[in-house]
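I would like to see how this sequence folds:
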Amino acid sequence: MEPIAVVEGIVMRGKRQGRTMGVPTANLPFPQGGDRPANGVYVAEVLFPDDGMRVEEGVLSQGFHPTLPEGEPTVEVFLLHCHEDLYDRPIVIRYLHYMRPEMKFDNKDDLRRQMEQDVQYARDWFANRRAASRP
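This is a model prediction of the structure:
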């Protein structure tokens, strides 16, 4: 499958809000230039160049994060099956499937519930992709 977009960089410290809601994210600087994909939430794969290009499945949010807007816009990715410390590590993110636009929620609980739905959507998307590739 050809990715929608690819970004790479060194994982930096973010606002640490995802961690408090049970979805810790790896953060990259916001991509500059006109070729970046639309802000929103995507199914994504993360590759680790320092680990033989190991691939992990994830959910990515790119943009201004209107519910918790402090700070600069970023690319944040939650890994579905990996819970290791990623700070200062190089990663490559492949945007695979656009899920939805950025949304402003009334509170962090509503945001957390949507994030849980996004994670389940991504799990189902990857499961369906694996099932479709079986002979």
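
going forward, measure contacts and count neighbours with C-alpha atoms only.
Will do.

From residue 133, how far off is the residue nearest the centre of the chain?
For the chain, residue 60 is the residue whose C-alpha lies nearest the centre (C-alpha atoms, centre = their mean; 1.8 Å). Using C-alpha to C-alpha, to the nearest Å, residue 60 is found at 23 Å from residue 133.

on that earlier part again, who's in contact with the residue nearest to the centre of the chain?
The contact partners of residue 60, taken as C-alpha atoms under 8 Å, 6 or more residues apart in numbering, are 41, 42, 43, 44, 75, 76, 77, 78, 95.

Same check on residue 61?
Contact partners of residue 61, counting by C-alpha under 8 Å, 6+ apart, are 39, 40, 41, 42, 75, 76, 77, 102.

Closest to residue 122 out of those?
Distance to residue 122 across those (C-alpha to C-alpha) is lowest for residue 42, with 8.3 Å.

where's the closest one relative to residue 103, distance?
For residue 42 relative to residue 103 (C-alpha to C-alpha), the value is 13 Å.

higher neighbour count, the two?
Neighbours per residue, other C-alpha atoms under 10 Å: of residue 42 and residue 103, the larger number sits with residue 42, 24 against 14.

So the more buried one, which state does it fall into?
strand (DSSP: H, G, I helix; E, B strand; the rest coil).

One more: residue 27?
Assigned by three-state DSSP, the conformation of residue 27 is strand.

How about residue 105?
Secondary structure, three-state DSSP: residue 105 is coil.

Pretty sure the residue nearest to the centre of the chain sits in a strand.
Yes. Applying three-state DSSP, one finds residue 60 inside a strand.

got the residue ranges for the strands in the chain?
Along the chain, the stretches classed as strands by DSSP state E are 5-10, 26-29, 40-48, 54-63, 74-79, 90-100.
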